[in-house]
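**Q** here is my input, please return the structure:
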Amino acid sequence: MSSAASPGPHAGSSHVPPGTPVDPRHSGHAHLVVLHPPFAAPLLPDERPTAAPAHDPEAARAAALSLSTVAAVRDERGPSRLDHPSSPASRAELDVVSVAAWGSTLKITDPALVEDGMLSSTLEDEFRSQRRRHPDARVVAVCERDFGAAYLKILAAVPGAPDLTIEGFDELETTGDPRATLAAAGFGLDDLDAEDGPGHAVDADGIMDHDAFLHMLTGGALSVYADEERDESTFVVERTEDGEHGIREVWFPQD
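**A** The predicted model follows:
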């Protein structure tokens, strides 16, 4: 059984054929995390999230349909244990979206949100949309892409701090203050400055450990463990015109 969101004026664009292979030299993934209040206690880099509320498949489906890249859900797989996303190998695999809904925490993985670091803005557009939709929430978006040159982008909106953007290839540029972002998320500056505290993730020059920083900022939503107990749902979706355009632009730039 499929569900559909209103495709709006962007539905109906031409598609890259499903069997078209992704260049094996290309890889990437993108995540969006929305944390609603009340917020859990701050989580340090070496701390594991406490037992999460049970995964809600209906909330996960609604979250998938809320994306600007998704016009409809064609099929639903799962729930299954949370896992690291694999990089898509074909056009068909670029229509696979995973969503975890654990109480006030929502984690979305959608390869159509990957940006190329040059022209595309799909991740940032979705981040801004979710931020407007949930002004009291903490919204974090991240994409990593390696098409011969590695690209990283992190976007964070935490109430009480200016928005944070970190992006680049060999050298990362930061707009905003990572320490102010962590402070607004409940981390004490004294703890950040302590020799044995979480400050190794961030120093005066910027973020030193991006995985640790994201773990702290998302309450461990992006961390995956060998004995993982949290679940997620996986959907095969139909793309909006915006979603299809982003896939073609980033994953099949020569087609």
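
**Q** now do the contacts for residue 117.
**A** 145, 151, 153, 167-169 (Cβ atoms under 8 Å, 6 or more residues apart in numbering). The way it works is simple: take the backbone N, C-alpha and C, and place the C-beta from them, glycine included.

**Q** and the buried ones among the residues you listed, selectable in PyMOL?
**A** To isolate the buried members of these in PyMOL, using 16 or more other Cβ atoms under 10 Å:
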select buried, resi 145+151+153+167
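
**Q** among the contacts of residue 117, list the two that are farthest apart in space.
**A** Taking Cβ to Cβ, the two most distant members of those are 145 and 168; they sit 11.7 Å apart.

**Q** need the overlap of contacts for those two.
**A** Common contacts of residue 145 and residue 168 (Cβ under 8 Å, 6+ apart): 117, 151-152.

**Q** show me which of the residues you listed is closest to residue 39.
**A** residue 152 (25.3 Å).

**Q** for residue 52, which non-adjacent residue is closest in space?
**A** Sequence neighbours aside, residue 102 is the residue nearest to residue 52 in space, at 4.0 Å (criterion: Cβ to Cβ, 6 or more residues apart in numbering).

**Q** equivalent analysis for residue 150, please.
**A** Going by Cβ to Cβ, 6+ apart, residue 150 has residue 169 as its nearest residue, at 6.6 Å.

**Q** and residue 173, by the same measure?
**A** residue 167 is the one closest to residue 173 (Cβ to Cβ, 6+ apart), at 6.3 Å.

**Q** that neighbour belongs to a strand, doesn't it?
**A** Yes. Under DSSP: H, G, I helix; E, B strand; the rest coil, residue 167 sits within a strand.

**Q** quick one: contacts of stretch 28-38?
**A** Stretch 28-38 has contacts (Cβ under 8 Å, 6+ apart) with 85, 87, 104-115, 123, 126-127, 130, 134, 136-147, 218-219, 221-222, 250.

**Q** hmm, residue 119 is touching residue 249, no?
**A** Yes. Residue 119 is within contact range of residue 249, at 6.7 Å (criterion: Cβ atoms under 8 Å).

**Q** between these two, which is the more surrounded one?
**A** For residue 119 versus residue 249, neighbours defined as other Cβ atoms under 10 Å are more numerous around residue 249 (15 against 9).

**Q** helix or strand: which one has residue 238?
**A** strand 231-239 (DSSP states H and E).

**Q** okay then, goodbye and thanks.
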